[in-house]
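Asker: no letters, just coordinates:
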């Protein structure tokens, strides 16, 4: 006697998944088109003066701009852990000396009518300046009682 059932191929593949995938893809496309991918936007607060540019710029002559004082900080080539800070024609290589120079500069500017809160100190580091040196310059500017201090990109 021949048993024919053993040689037949059985295809028990389960339910058809094609309609389910079609529906899920339609829902996914709908949610992508309707949804918003924008998150909350956060901005850094800066006290650098805003200078608008473009065709719609209207000059406001009544606005008083802050007086910029730039301190350039370079690495000392003789001593790798030290720095040279220059502001105008003044030069210093230590925080306490720089604080004295900045105090003298602030009093000179105050004597010609510039208020301390209208002076913007910009610290401009050189290429190889260490972070520790920038902190010393920043602390010297704070010791000289400047309130508006910012950092520039390397010069």
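Answerer: Received the coordinates, thanks. Quick caveat, the model's predicted, so the values are computed rather than measured.

Asker: who's in contact with the nearest residue to residue 87 once chain neighbours are set aside?
Answerer: With Cβ to Cβ, 6 or more residues apart in numbering as the criterion, residue 87 has its nearest non-adjacent residue at 4.7 Å, and that residue is residue 71. For glycine as for every other residue, the C-beta is placed from the backbone atoms N, C-alpha and C. If you count contacts by Cβ atoms under 8 Å, 6 or more residues apart in numbering, residue 71 has them with 85-87, 98, 102, 121-124, 137, 141.

Asker: quick check: buried residues in the longest strand anywhere in the chain?
Answerer: Determined from DSSP state E, the single longest strand within the chain is strand 67-75. Under the neighbour-count criterion of 16 or more other Cβ atoms under 10 Å, strand 67-75 has 69, 71-75 buried.

Asker: pull the distance from that strand to the chain's centre.
Answerer: 19 Å (Cα atoms, centre = their mean, to the nearest Å).

Asker: in its sheet, what does it sit against?
Answerer: According to DSSP bridges, strand 67-75 forms sheet pairs with strand 83-87 (antiparallel), strand 119-125 (parallel).

Asker: helices along this structure, start to end?
Answerer: 18-34, 95-111, 131-143 (DSSP state H).

Asker: quick one: those as a markdown table, columns for distance to residue 65, mean neighbour count and mean pLDDT too.
Answerer: Formatted as a markdown table, the helices of the chain follow (distance: least, Cβ to Cβ, whole Å; neighbours: other Cβ atoms under 10 Å; pLDDT from 0 to 100):
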| stretch | distance to residue 65 | mean neighbour count | mean pLDDT |
| --- | --- | --- | --- |
| helix 18-34 | 47 | 9 | 92 |
| helix 95-111 | 14 | 16 | 86 |
| helix 131-143 | 19 | 17 | 89 |
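
Asker: nearest to residue 150, of the ones you listed?
Answerer: Taking Cβ to Cβ, helix 131-143 is the member of the helices of the chain nearest to residue 150, at 10.1 Å.

Asker: between that closest one and strand 119-125, how many degrees?
Answerer: Using axes from the mean of the first three to the mean of the last three Cα atoms, to 10 degrees, the direction of helix 131-143 lies 170 degrees away from that of strand 119-125.
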